[in-house]
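>>> test case, fold it:
(2 chains)
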Amino acid sequence: MKFLKDFLWVLVVLIVGYFSIEIRPLNELKNEVETFDHVTYAQNYVNEELPTVYTDAIPLPELVQRLQSDKQGAFEEWSNAIAVGNIGYFLIQFTASVEDKSDDEYLLAISDELIVRLQTEFIYGNAIRDASGLIDNKEFQNTSDLNAIAAEVNKMIRNTVIPPFKEKAKVGDTLQVIGAMEVNKKFPPTNQFKVLPVQIKFQ
Amino acid sequence: MKLSSTKVFLLVLALALGCKQQEDKNSGPKKMAVIISTLNNPWFVFLGERAAAKAQELGYEAKIFDSQNNTALEADHFDNVIVSGFDAVLFNPTDADGSVVNVKKAKEAGIPVFCMDREINSLNAATSQILSDSYSGSIAVGAYFAQQLNKKGNYVELLGLVGDNNTWARSNGFHSVVDNYPELKMVAQQNADFDRNKALEVMESIIQSNPNIQGVFCGNDAMAMGAYQALVGAGIADSVKVFGFDGADDVVSAIQEGKITATGMQFPNVMAERAAIFADEYIRGKRDFAQKIPVAVELVTAENVENYAAYGE
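I've put the predicted structure just below:
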């Protein structure tokens, strides 16, 4: 009788123990904890939100003039950046002709004096993420989420904007470009403006 | 119950002293504590001194505490700060995980903590964390690295402390660029703990087994100088490009002299001042702070080095 009682107790403990413990791979758990979907966020940003501010993009000749005459005002009114410091990002637009090209960039002339280096290889960093000012740092507790958005946005541009452009573009073409430009407040460039493309249209 | 006159006297004296102490705390100038991971490194000395100077400029008493890279000593400083009635802590943590408990202790005591430069692995302990955007800075260094090596060649990476978040933020940012170029091959990756002498030893050993390298990426400038020294010793310094991170004085000079190719310039002054301003705003009643504030890192190369001095000055 005692043996049966002990056996039943052990059985109960084993059954309760078995159903109380769940063993799963750590990777599986990690994936559940990291719920932020940076890919969907970036797709929505590039395809839905960013196009709504294309009309607000500053004409590059106007920005260049303002940087020379009123740098502080240009930064306060038109630049955005999630990080604090000297770096500001501008969403800009311009029409220019293709003058030259290399593996990494296309040289575009807006005028004889105003040359743009349109980047087609090194599309990295925060310029396209930040230039629109649409993303608010306070929405994110983890900087890694913001980094992941920037990386995905840049990847989308590298994969969707650059290949069809490079396939078609040739010297002499006229382009309408919307892009993002990084400017250091202390040392703004005066020529050869480096621009990351957001949208390129052939005229 | 009958109290003796001596007991009554002692009771009154204790109450009077207690009231006096409370009065002193409320009437005296408010105080900010600046707790720094180590004052053995000039970079952190600069960070601490700037934070204290900004706090004083804002009308606070400021005291700097040196944790000597020891979380136990750091815990003692926090205890001291709590019993001494400090109003805020400007904090450079010793350990991303180990320092969390200290920050929580201050929070429970009603003292806000603002992290500077190094982060802690908690999203609800510190009031705000003002941190160098190491990841983005390393992306800029990584892109310049790939350009300078024409997207091909063998390279070495020297990591900092493996337990430090900045080590991996810098490494991951760098690799998010260079890993897109299959002809760039990492032949060795070793930690040298942000230390110049260790970097020298590690690099000497790597050169023995991998003499054919074109680039070295280091997680800080001290390691970049150590790696450069090893390359000079091996007689291959002219053919190998070395990249650092920090913006230390000797590396800024080395870029001017063509010894180091580039570094990511951090701005301790911006982090220290912003932390003191946030603490002042908190004391004045503001509560809405972003949990993490990145501070931009700038790429310094031979083309723009004339614009920079050490620590972004």
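
>>> ok, what's across the strand from B:Y155?
According to DSSP bridges, the residues that bridge with B:Y155 are B:M186, B:G215.

>>> test my guess that it contacts B:Y181.
No - no contact is recorded between B:Y155 and B:Y181 when judged using Cβ atoms under 8 Å, the distance being 10.7 Å. C-beta here means a position set from N, CA and C on the backbone, and glycine is covered the same way.

>>> more neighbours: which of the two?
Shown here are B:Y155 and B:Y181; by other Cβ atoms under 10 Å in any protein chain shown, B:Y155 has more neighbours (22 against 17).

>>> which parts of the stretch 101-250 of chain B sit against chain A?
If contact is defined as Cβ under 8 Å from any Cβ of the partner chain, the residues of the stretch 101-250 of chain B in contact with chain A are B:123, B:131, B:133, B:135-136, B:139-140, B:142-143, B:146-147, B:173, B:176-177.

>>> roughly how far does B:K292 sit from B:W168?
In this view, B:K292 and B:W168 are 16 Å apart by Cβ to Cβ, to the nearest Å.

>>> for B:I111, same thing?
Applying Cβ to Cβ, one obtains 30 Å for the distance of B:I111 from B:W168.

>>> between the two, which one's more packed in?
Residue environment comparison for B:I111 versus B:W168 gives the larger neighbour count to B:I111, 22 against 16, counting by other Cβ under 10 Å.

>>> all the helices of chain B, in order from the start?
Across chain B, reading from the start of the chain, the helices by DSSP state H fall at B:5-27, B:42-57, B:71-83, B:100-108, B:134-148, B:165-178, B:196-209, B:221-234, B:249-256, B:268-283.

>>> please parse chain B into its domains.
In terms of domains, chain B is parsed into B:31-132+B:268-295, B:134-266+B:302-307 (source: the TED database).

>>> relative to A:D173, which of those is closest?
Distances from A:D173 to each of the domains of chain B were compared by Cβ to Cβ, and the smallest falls on domain B:134-266+B:302-307, at 25.4 Å.

>>> rewinding a little: in TSV, list the helices of chain B along with mean pLDDT.
Putting these into TSV (pLDDT from 0 to 100) gives the following:
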stretch	mean pLDDT
helix B:5-27	51
helix B:42-57	94
helix B:71-83	97
helix B:100-108	97
helix B:134-148	97
helix B:165-178	94
helix B:196-209	97
helix B:221-234	97
helix B:249-256	95
helix B:268-283	96
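
>>> need the contact list for residue 91.
All of this is about chain A. Contact partners of A:L91, counting by Cβ atoms under 8 Å, 6 or more residues apart in numbering or on different chains, are A:53, A:56-58, A:80, A:131-132, A:178-180, A:198.

>>> sorry, I should have been clearer: chain B.
Applying Cβ under 8 Å, 6+ apart, the residues contacting B:F91 are B:34-35, B:99, B:103, B:113-116, B:126.

>>> quick one: B:V295 and A:I87 touch, right?
No - B:V295 is beyond contact range of A:I87, at 10.0 Å (criterion: Cβ under 8 Å).

>>> now list the buried members of the residues of the stretch 101-250 of chain B next to chain A.
Using 16 or more other Cβ atoms under 10 Å in any protein chain shown as the burial test, these include B:131, B:133, B:135-136, B:139-140, B:142-143, B:146, B:173, B:176-177 as buried.
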